[in-house]
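[1] No sequence on hand, only this structure:
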């Protein structure tokens with residue numbers, strides 16, 4: 001059938017209405033007329049674009065359309081940044097947060113030269129090893145030999161990663177690879193169910209070191225480290241744990257951190273919740289005492305080591321391991337700690353931090369900075385804060401996931 005695409009859904013798929021029913025069509029853009037093949041379950045396969053949008057461009061990668069890593073390579077960059085801002089506005093408006101549109105700033109393009117961190121998978125296909133990303137909504141792996149969203153330092157070593165994956169490939173299943181292009185070299189963390197003999201482990205280590213990997217770990221155990229994979233966190237050297245979370249691009253990290261520092265203002269006591277390895281805490285400590293709370297022990301240990309390298313040049317960072325989903329800091333905790341926190345920063349996973357937001361709303365903290373990679377759960381959490389007496393001052397979308405529908409957001413709030 002022939003349909004007209006009305007808008008993009010939140011996952012970046014075109015949306016059309018046929019006989020009162022919504023039809024999702026991947027790889028289409030608003031305003032386009034397209035010939036499609038419906039599957040009878042609310043989705044359709046694109047057959048041909050009959051009338052293209054002015055925002056349509058030629059995808060830069062030959063894997064686009066099969067590889068599930070990107071959804072919007074066919075969309076002009078300016079149009080994509082504008083659409084991501086619209087998604088944030090829509091999420092906030094859906095939670096009844098008032099006229100938020102003027103508060104949402106233009107999306108910051110923080111793709112930089114590419115992502116420094118990637119999560120790949122490898123599997124056996126006959127006599128070959130496939131390395132790449134899964135298809136959209138599928139367990140099928142697409143082998144990739146190029147990738148326009150990754151740093152060149154990562155792309156040029158894809159053949160090496162494929163070889164290393166082959167050395168730890170189980171009879172069934174996949175090998176997981178998390179790679180980080182750090183300032184101190186490449187960090188590669190692998191997961192596999194295969195049992196390796198000592199000779200195979202030695203071969204794996206030799207191949208990794210010869211290929212330029214600075215640190216190699218397997219199933220959480222560091223096998224070899226020729227040079228620490230250091231990241232510059234506001235002037236401090238941080239060595240993240242293997243496969244530990246860091247922001248996807250350096251430009252994205254710096255844009256988020258700059259807004260966080262601006263958002264806390266002159267606060268002298270700051271709680272950094274879901275702090276990870278210290279993306280914000282290490283920068284905040286230049287002007288404030290920080291209570292850093294995180295559930296992962298390895299990330300907290302990395303943060304503590306980085307803080308100690310400052311040699312007293314930073315204010316105190318108090319590290320606390322705590323599951324903030326099961327045991328959020330209460331409003332009383334925030335008010336009592338050090339005679340009261342003056343600002344709270346929280347940066348939870350995609351699920352958000354609803355219970356923690358409720359507790360912050362019960363506190364007397366004057367400034368809150370909420371960071372999120374999911375505008376829908378962010379809007380839900382902001383609703384609790386606004387109901388508790390906070391006012392949204394600004395919202396900044398930051399795009400470090402080029403060609404995808406994902407968006408980072410920083411919201412700054414204050415008590416009236």
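    Arrived safely, thanks for sending. Because the structure is a prediction, the values reported are computed rather than measured.

[2] The helix or strand in which residue 409 is found pairs with which strands?
    Here residue 409 sits within strand 408-415, counting by DSSP states H and E. Paired neighbours of strand 408-415 in the sheet (DSSP bridges): strand 367-372 (antiparallel), strand 390-399 (antiparallel).

[3] looking at those, which is buried most?
    Comparing the strands paired with strand 408-415 by mean neighbour count (mean count of other C-beta atoms under 10 Å), strand 367-372 ranks first with a mean of 26. Every C-beta, even on glycine, is put in place using the N, C-alpha and C of the backbone.

[4] who's in contact with that one?
    Contacts with strand 367-372, where a contact means C-beta atoms under 8 Å, 6 or more residues apart in numbering, come from 256, 259-260, 263-265, 267, 280, 342-348, 350, 352, 357, 360, 378, 381-382, 385, 390, 408-414.

[5] Inside strands: which ones of those?
    343-346, 390, 408-414 (DSSP state E).

[6] Show me which of those residues is closest to residue 152.
    residue 408 (23.0 Å; C-beta to C-beta).

[7] My guess is that closest one contacts residue 252. True?
    Yes: using C-beta atoms under 8 Å, residue 408 is in contact with residue 252, at 6.4 Å.

[8] care to break the protein down by domain?
    Listed by automatic domain parsing, the domain ranges of the chain are 2-56, 82-111+246-415, 117-231.

[9] which one of the ones you listed lies closest to residue 69?
    domain 117-231 (4.2 Å).

[10] so how far is the first residue of that closest one from its last?
    This stretch, domain 117-231, spans 12 Å end to end (C-alpha to C-alpha, to the nearest Å).

[11] got it, and stretch 275-293?
    6 Å.

[12] try stretch 137-146
    21 Å.

[13] Also stretch 52-63?
    Termini of stretch 52-63 sit 21 Å apart (C-alpha to C-alpha).

[14] Just the mean pLDDT for that stretch, thanks.
    For stretch 52-63, mean pLDDT is 96.

[15] List the contacts of that stretch.
    29-32, 49, 65, 67, 70, 73-76, 79, 132, 142, 144, 146-148.

[16] Now the buried members of those.
    Neighbour counting by 16 or more other C-beta atoms under 10 Å classes 29-32, 49, 65, 67, 70, 73-76, 79, 132, 142, 144, 147-148 among the contacts of stretch 52-63 as buried.

[17] Now the helix or strand of the chain with the lowest mean pLDDT: buried residues?
    The least trusted helix or strand in the chain, going by mean pLDDT, DSSP states H and E, turns out to be helix 331-336, with a mean of 90. Residues of helix 331-336 classed as buried: 331, 334 (neighbour count, 16+ other C-beta under 10 Å).

[18] starting at the chain centroid, how far to that helix?
    30 Å (C-alpha atoms, centre = their mean, to the nearest Å).

[19] who does it touch, helix- and strand-wise?
    helix 354-362 (3 or more C-beta pairs under 8 Å, 6 or more residues apart in numbering; DSSP states H and E).

[20] before we move on, back to that, output the strands paired with strand 408-415 in CSV; the columns should cover distance to residue 239 and mean pLDDT.
    What follows is these, written out as CSV (distance: least, C-beta to C-beta, whole Å; pLDDT from 0 to 100):
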stretch, distance to residue 239, mean pLDDT
strand 367-372, 23, 97
strand 390-399, 25, 97
